[in-house]
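Trainee: Provide a 3D model corresponding to the input given below.
(4 chains)
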Protein chains: 2
Amino acid sequence: MSEVEQAGDTRDRAAGRAGKAPSTEESQRVFEALRNAVLDQRLPPGLQLKEQALADAFGVNRAVVRQALARLEIYRLVTHAPNRGVFVAHPSAAEGRDLFTARRYIEAAIVELAVERLTEADIARLRALARQERQAYEAQDVRRALRLSVDFHLQLADAVGNTVLASFLDEIVTRMPLVVLAHRRESPPTCMLDDHERILDAIAAGDASRARALMIEHVGHLEGRVSLDRGAQEGDSGIARLLGLEGGGP
Amino acid sequence: MSEVEQAGDTRDRAAGRAGKAPSTEESQRVFEALRNAVLDQRLPPGLQLKEQALADAFGVNRAVVRQALARLEIYRLVTHAPNRGVFVAHPSAAEGRDLFTARRYIEAAIVELAVERLTEADIARLRALARQERQAYEAQDVRRALRLSVDFHLQLADAVGNTVLASFLDEIVTRMPLVVLAHRRESPPTCMLDDHERILDAIAAGDASRARALMIEHVGHLEGRVSLDRGAQEGDSGIARLLGLEGGGP
DNA sequence: GACTACATGATTGTCAACAATTTAAAGCGC
DNA sequence: GCGCTTTAAATTGTTGACAATCATGTAGTC
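Mentor: You can find the predicted model right below:
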C-alpha cells in the first residue's frame, strides 16, 4: 500500500469510529465516498446533490443514496430542504466559532488523557506520522500534508482509547473543511510546522498542562486561517461568496 | 399521555439540537418516539426492533422506520446486525466508562462557558427547573425527577449557546439510560439533592473553577449509581444479566 | 439421546414504478 | 418590454412487491 492508501486506511478507520453503522454496506460506501470528498474540499458549499445523479455515479439504487444522504445530514455535512433536495452544507460563522471552541475543549481533554494512557509504541507511531506531515509541508505537497494533519489528530484520539471523545473529534474535523471553504481568509498561514511534534514532546515528558496549552495554541493557529468575526457575513445565502463579493468591510 | 407530552416539550427542543434533521418529518416523529422511549428506560437492552411491527404501530411505511432506525444507530442507541435486524443497544462497561469520562470534560466545558455567557434570566430559569426537580425528589416522584434532571443539563448547555457542545452532551445523556439499565447497582443513591442548585450558585457568583469542580463531582455522583469496574462483566452477551446472575465477584 | 441436514417461516435488503412537489420556461395580456 | 398565469420538465417522496438471508423447528441418522 502506497502512501495515499495508507492515509486512506486511517481515514476509514476514523470514519468507522464515528459512523460505525455498516447499514447496508452499499450506503456505507456512498457515505464514506461523499464524506471523503468533503474532507478533501472537493465539494463546494451550496452544491446540490441530486439523488439520481449520485445513484448513477455509484451504480446503486436511489434508496441507497437516500440513506447515505440522511446520514450526511446528521453529521451536518449537508442540509436537507424538504421536497427540494440536499445541498452541501454552508456553515455559518457562528457555527464555525462553535466548532473551534468545542474542538479546543475536546482536544485538550484528549491530550490530558494521552499523558496518562499513551504507550511508547503509540508515541513512536505518532512521531512518524508527524514527521511525514512536516516532510510533506516542506515538499509543498499541501494536500497530502493536510490529510496527514487530520490523521494525526484522529490517531491521537484513537490511541487514547476513549471512543466517545474520538467520535466527537471525528465529527468536528469532518465538518471543519466546509468551514474553511466558506470562511477562508487569504492571510498567510501562521507558523505551525512543528506544532504536532512539540505536543508529542510534552506528552512524552508527562507534562499534561504544557501539552494542553500547546494543543490549545495549535487549534488557535488553525482558527487563524479562517475569518469568523461576529456579524461579518452572517446569514447570507452564499451568493455573495460565490460571486467573489466578500471581504468588503462594514 | 399528559406527563409525557409535557416533558416532551423541552425534550423535543433538546432533540432538535442534536438531530435537527427534519428528514421526512415522519421519520423524525418515529425517531423521537423511540429516543424518548430509551430516555425513559422503557426499552430493555437487547430487544429486537422489527421494522414491520414499528411501521404498523406508527402507521407509516417501512422505509420511514428504516430511516429512523438508521439514525438511532448513529447515536448508538441501537445496534444493527446485517440481515438480522436492529436491537436496542447493550453498552459495555468500557463504553459506559468512556461516556462518563467524556461527560466530565463536556460538562466542565459547558459550566466554564456558562460563567461567561449566562444571563440573569437564564440563571433564573434554571433555578426554577432545579427547584422543581428537588420538589419531585422530595415527593418521591423519581421518574419525573430524573426527567427534570436531564432537562436541567440540556437546558444549561442550550443556554450557553454552543450548538456543538450542546449536541455532544445531548448524545451522551441520551445514551446514559442504557448504560444504567445494563450496569445498575442496587447501592443507595449518593447524596445529590442540591447539586444542581449549588452549581448554579457558583455560576452566578462567577466562580468558574468552583463551578467546574462541583460539576465534575456531580457527574461522579451519577457514575456512582452504576458499576463499571474494569473486567467485571466485559463482553458478555447479556444473558447473565437477563437471568439475574450478575454481581458475583471474581 | 445427541447431532446433522433439511424444510419452513419470518425478517431484512433491494428495486422499480407511481404520486406529489417544486423549479423553470413558455405563453399571454397589458 | 414587464408582470402574471399556465404549462412542462425535473426532482423528491412514497408505496408495494420481489429477492436474499437468517432463525426456527423437524425429520433422519449414528
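Trainee: please parse chain A into its domains.
Mentor: According to automatic domain parsing, chain A comprises the domains A:8-88, A:93-223.
Trainee: among those domains, which is nearest B:A70?
Mentor: domain A:8-88 (5.8 Å; CB to CB). From N, CA and C alone the C-beta is placed, and that goes for glycine too.
Trainee: is chain B contacted by stretch A:103-116?
Mentor: Yes - shown here: stretch A:103-116 in contact with chain B (CB under 8 Å from any CB of the partner chain) through A:105-106, A:108-109, A:113.
Trainee: relative to B:R66, which of those residues is nearest.
Mentor: The shortest approach to B:R66 among the residues of stretch A:103-116 next to chain B belongs to A:I106, at 31.6 Å (CB to CB).
Trainee: so for the helix or strand containing the closest one, what gets flagged as buried?
Mentor: Using DSSP states H and E, A:I106 sits in helix A:93-117. Judged by neighbour count using 16 or more other CB atoms under 10 Å in any protein chain shown, the buried positions of helix A:93-117 are A:93-115.
Trainee: what angle separates it from helix B:93-117?
Mentor: 130 degrees (axes from the mean of the first three to the mean of the last three CA atoms, to 10 degrees).
Trainee: show which residues not belonging to the helix or strand that comes right after helix A:93-117 make contact with it.
Mentor: Note on helix A:93-117: by DSSP H and E, the next helix or strand toward the C-terminus is helix A:120-138. Identification of contacts with helix A:120-138 by CB atoms under 8 Å, 6 or more residues apart in numbering or on different chains yields A:3, A:142, A:144-145, A:148-149, A:151-152, A:155-156, A:159, A:193-194, A:196-197, A:200, A:203-204.
Trainee: list the buried residues in helix A:120-138.
Mentor: Buried-residue list, helix A:120-138, by 16+ other CB under 10 Å: A:122-123, A:126, A:129-130, A:132-134, A:136-137.
Trainee: give the next helix or strand downstream of that helix.
Mentor: helix A:142-160.
Trainee: that following helix and chain B in contact?
Mentor: No - if you take CB under 8 Å from any CB as the test, helix A:142-160 misses chain B, and the best it gets is 9.9 Å.
Trainee: could you pick out the residues of chain A near DNA strand C for me?
Mentor: Residues of chain A that fall close to DNA strand C, judged by CB under 7 Å from any atom of the strand: A:24-27, A:60-64, A:83-84.
Trainee: which single one of these is nearest to DNA strand D?
Mentor: Of all the residues of chain A next to DNA strand C, DNA strand D sits closest to A:N83, with 4.8 Å by CB to the nearest atom of the strand.
Trainee: SS state for that closest one?
Mentor: Following DSSP: H, G, I helix; E, B strand; the rest coil, A:N83 is assigned to coil.
Trainee: quick one, phi psi at it?
Mentor: A:N83 has phi and psi values of phi 70, psi 0 when expressed as degrees, to the nearest 10.
Trainee: if you skip the residues just before and after it, what's nearest to the residue nearest the centre of chain A?
Mentor: The centroid of chain A falls nearest to A:V173 when counting by CA atoms, centre = their mean (2.5 Å). Distances taken as CB to CB, 6 or more residues apart in numbering or on different chains place A:V150 nearest to A:V173, at 5.5 Å, with adjacent residues excluded.
Trainee: any idea how far A:Q41 is from that neighbour?
Mentor: 11 Å (CB to CB, to the nearest Å).
Trainee: neighbour count for the two, which is higher?
Mentor: Neighbour count, other CB atoms under 10 Å in any protein chain shown: between A:V150 and A:Q41, A:V150 has more, with 21 against 16.
Trainee: so how far is DNA strand C from the more buried one?
Mentor: Shown here: A:V150 relative to DNA strand C, a distance of 30 Å by CB to the nearest atom of the strand, to the nearest Å.
Trainee: neighbouring contacts of stretch A:101-114?
Mentor: Stretch A:101-114 is contacted from outside by A:153, A:156-157, A:159-162, A:165, A:168-169, A:172-173, A:176, A:199, A:202-203, A:208, A:211-212, A:214-216, A:218-220, B:101-102, B:105-106, B:108-109, B:113, B:162, B:164-165, B:168, using CB under 8 Å, 6+ apart.
Trainee: hmm, back to that, I'd like the residues of stretch A:103-116 next to chain B as a markdown table, with distance to A:Y75 and pLDDT appended.
Mentor: Conversion of the residues of stretch A:103-116 next to chain B to a markdown table gives the following (distance: CB to CB, whole Å; pLDDT from 0 to 100):
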| residue | distance to A:Y75 | pLDDT |
| --- | --- | --- |
| A:Y105 | 19 | 98 |
| A:I106 | 15 | 98 |
| A:A108 | 23 | 98 |
| A:A109 | 21 | 98 |
| A:L113 | 24 | 98 |
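Trainee: tell me the one of the residues you listed nearest DNA strand D?
Mentor: A:I106 (32.4 Å).
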